[in-house]
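[1] Return a 3D structure for these sequence lines:
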Amino acid sequence: MADPKKVHYNDLESISGQEVGVSDWVTIDQDRVNMFADATGDHQWIHVDVERATKEMGGPIAHGFLTLSLLPMLGAQVLRIEGTTRGINYGSDKVRFTNMVPVGSKVRLRQKCLAVEPKAGGKQTRMEATIEIEGQDRPALVAETLTVVYG
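    The predicted structure is shown next:
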């Protein structure tokens, strides 16, 4: 597992404008896709009907929102903010699904801190999150994520 970059809450502004790091690769297998389909009720054939998807598209693809949902898990491998009492997911801006993720692919997170600003008695981080696909030039996802942390 990737060793996350550690930064203390009091020094959070020091990473603004910097690439924070890269997570480990994670394989997107059909079981993960099926569980996501069950959790969300999105059973579109391009995700869960392996036979039809293989025949018509070369194979099933992961849900875009499944890819987005990996950000907390992969983000924990990239950055650990020490000296906090809690962190709140504040949302995402500019979420774009820029490439399909074929089942069986490996993906990872590359994260850059765009800004750290005061917010609601804490500090809001704006991170550029890019989900890369192993062997592909174009990423699966690019988003700006917002988190408010409290020291």
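[2] Would you map the helices across this structure?
    Here the chain has its helices, by DSSP state H, at 30-40, 45-48, 50-57, 64-69, 71-78.
[3] Tabulate these in JSON lines, adding columns for mean neighbour count and mean pLDDT.
    Yep, even glycine has a C-beta here, placed from its N, CA and C like the rest. Putting the helices of the chain into JSON lines (neighbours: other C-beta atoms under 10 Å; pLDDT from 0 to 100) gives the following:
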{"stretch": "helix 30-40", "mean neighbour count": "14", "mean pLDDT": "98"}
{"stretch": "helix 45-48", "mean neighbour count": "17", "mean pLDDT": "98"}
{"stretch": "helix 50-57", "mean neighbour count": "13", "mean pLDDT": "98"}
{"stretch": "helix 64-69", "mean neighbour count": "18", "mean pLDDT": "98"}
{"stretch": "helix 71-78", "mean neighbour count": "18", "mean pLDDT": "96"}
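[4] Redo the ones you listed as CSV? Include distance to Ile88.
    Below are the helices of the chain laid out as CSV (distance: least, C-beta to C-beta, whole Å):
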stretch, distance to Ile88
helix 30-40, 22
helix 45-48, 30
helix 50-57, 37
helix 64-69, 17
helix 71-78, 12
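[5] and of the ones you listed, who's closest to Thr145?
    For Thr145, the closest of these is helix 71-78, at 6.2 Å, according to C-beta to C-beta.
[6] which strands and helices sit next to the closest one?
    Packing partners of helix 71-78 (3 or more C-beta pairs under 8 Å, 6 or more residues apart in numbering; DSSP states H and E): strand 19-22, strand 106-119, strand 122-133, strand 141-150.
[7] Pull the CA coordinates from that helix and hand them back as CSV.
    Output of helix 71-78 as CSV, limited to C-alpha atoms (Å, rounded to 0.1, in the frame of the first residue of the first chain):
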residue,chain,number,x,y,z
LEU,A,71,-11.6,8.8,-4.4
PRO,A,72,-11.9,8.4,-0.6
MET,A,73,-10.1,5.0,-0.6
LEU,A,74,-7.4,6.1,-3.0
GLY,A,75,-7.1,9.5,-1.4
ALA,A,76,-6.3,7.9,1.9
GLN,A,77,-3.2,6.4,0.2
VAL,A,78,-2.1,9.8,-1.1
